[in-house]
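>>> structure for this input, please:
(one chain, ligands or ions: 1)
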Amino acid sequence: MGFSEDLNRRATMIDSIRRFPVSFRLKASNMTANTPILVTGGAGYIGSHTVRLLAAQGRKIVVLDNLVFGHEGAIIDPGVELVVGDVGDQELVRSLFRKHSFGAVIHFAAYAYVGESVTDPLKYYQNNTAEPIKLLQVMQESGCKVFVFSSTCATYGVPDRLPITESSTQNPINPYGRSKLMVEWILKDCGEAWGLRSACLRYFNASGCSPDGKIGEDHDPETHLIPRVMMAVTGEIEFLEVFGTDYNTPDGTCIRDYIHVEDLADAHARALDHLAAGGESVRCNLGTGVGVSVKQIISAVEEVTGKKVPVKFAPRRPGDPDSLVADPSLAKQLLGWEARRKDVRDMVRPAWLWTSGPNHGRFPKNQCGA
Ligand code: UDP
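Presented below is the predicted three-dimensional model:
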């Protein structure tokens, strides 16, 4: 059977699986809709939106987060248990597995500052690569064989062609990307050795917040484009620095694929269903397939907020490729997933709602943990 025939066969199989309710689908791996799921880093940006969706679907979720970058306030569902601790604390993780008999793990916990990964690589290899190994060891001991992993388009490095497909060369250009790619390799090897089934979800540029404005993006320091444009609008920073205007793109600024955080959350729920139903391991790009430049983001923010963005043109930021745009068709074929929002204003509007809301884009300070 050829590769595309095989994909079509799987897509048909997944479509037919989707017609059954969650409770039926999950039985294929002895999971029921009530089987607890461990979510590491569930108090972070993408993690907390995913936790909220999974909890709303009636799933039992335990979040493990050390709150170094996570926010207690991002866990708003009272049925979700938050355990403050490290992924690499095997005694703690073992005790959680004994208590809850998790059917699956969704692993978000990681550091994600590319620049810092260059100056302090060991911090990234320790946290992003070595810690998940400790988690996987406990999963192996416990017989838990379903793992959903936050991977990244940074594993591709400078793409050899656009849009980026899953078969594009993975040649990361910084320790952050390498720390994630190594985990992808480890998951593949664990699949062959002890039957772990994994979904490596390669995110493009996460953006937006929940439509009710209750949870959103709160990083410290904040380096991402859309929140920084918001900060320039509110006066929190004097101006937005546009890093480079001489890229090989139509308006000279970098092009990225901005994907709504709730679309990312939906992909995790589908990946979980796919694996829990006995589906094979998958590696998928999660993007919209639409490229948007820095200047287009600024225009969209001005349109949505009705305010002028103060801008200063600055030199290129080291390590930024001209364009990163996903071909998201494999995720549609394998998981039945597609981004529902593709217009960049659909990312910018909620980001403004979060920034201009009662918390001004910040969660209250954590009461416990770091
Ligand atoms: N960017 C910018 N000014 C900023 C932050 C980001 O011009 O203050 C640019 C950055 O150079 C890149 C794009 O915006 O081309 C997206 O950057 P971001 O850090 O949001 O995501 P990345 O693509 O690096 O993961």
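>>> number of residues surrounding the residue in the stretch 151-300 of the chain that the ligand sits nearest to?
Going by C-beta to the nearest ligand atom, the ligand is nearest to Cys254 of the stretch 151-300 of the chain, at 3.0 Å. (Each C-beta comes from the backbone N, C-alpha and C, glycine too.) Here the number of neighbours of Cys254 (other C-beta atoms under 10 Å) works out to 26.
>>> my guess is it contacts Ile297. True?
No. Using C-beta atoms under 8 Å, Cys254 makes no contact with Ile297, being 10.0 Å away.
>>> intersection of neighbour lists for these two?
When C-beta atoms under 8 Å, 6 or more residues apart in numbering defines a contact, no residue borders Cys254 and Ile297 alike.
>>> give me the nearest residue to Ser101, chain neighbours excluded.
Pro36 (6.8 Å; C-beta to C-beta, 6 or more residues apart in numbering).
>>> what does the stretch 251-370 of the chain put close to the ligand?
Taking C-beta under 6 Å from any ligand atom as the test, the list of the stretch 251-370 of the chain residues beside the ligand reads 254, 256, 294, 317, 320.
>>> which of those fall in helices?
Using DSSP state H, the subset of these located in helices is Val294.
>>> farthest-apart pair in the residues of the stretch 251-370 of the chain next to the ligand, please.
Greatest spatial distance among those (C-beta to C-beta): Arg256 and Arg317, at 12.5 Å.
>>> more neighbours: which of the two?
Arg256 (25 against 14).
>>> show me the contacts for the more buried one.
Applying C-beta under 8 Å, 6+ apart, the residues contacting Arg256 are 204-205, 225, 291-292, 323-325.
>>> over to Cys254?
By C-beta under 8 Å, 6+ apart, the contact list for Cys254 reads 243-244, 247, 293-294, 320-323.
>>> at 10 Å instead, please
Neighbouring residues of Cys254 by C-beta atoms under 10 Å, 6 or more residues apart in numbering: 225, 242-245, 247-248, 291-295, 297, 316-317, 320-324.
>>> ok, Leu136 next?
Contacts of Leu136 by C-beta under 10 Å, 6+ apart are 105, 107, 144, 147, 183, 186-187, 190, 194, 196, 198.
>>> return the member of those nearest to Thr305.
In terms of C-beta to C-beta, no member of the contacts of Leu136 lies closer to Thr305 than His107, at 35.3 Å.
>>> if we can go back for a sec, buried only: go through the contacts of Leu136 for me.
105, 107, 144, 147, 183, 186-187, 190, 196, 198 (16 or more other C-beta atoms under 10 Å).
>>> among the residues you listed, which one lies nearest to Val80?
Nearest to Val80 among the buried ones among the contacts of Leu136, with distances taken as C-beta to C-beta, is Val105, at 15.2 Å.
>>> element containing the residue nearest to that closest one when sequence neighbours are not counted, please.
Spatial nearest neighbour of Val105, excluding adjacent residues (C-beta to C-beta, 6+ apart): Leu38 at 4.7 Å. Assigned by DSSP states H and E, Leu38 belongs to strand 37-40.
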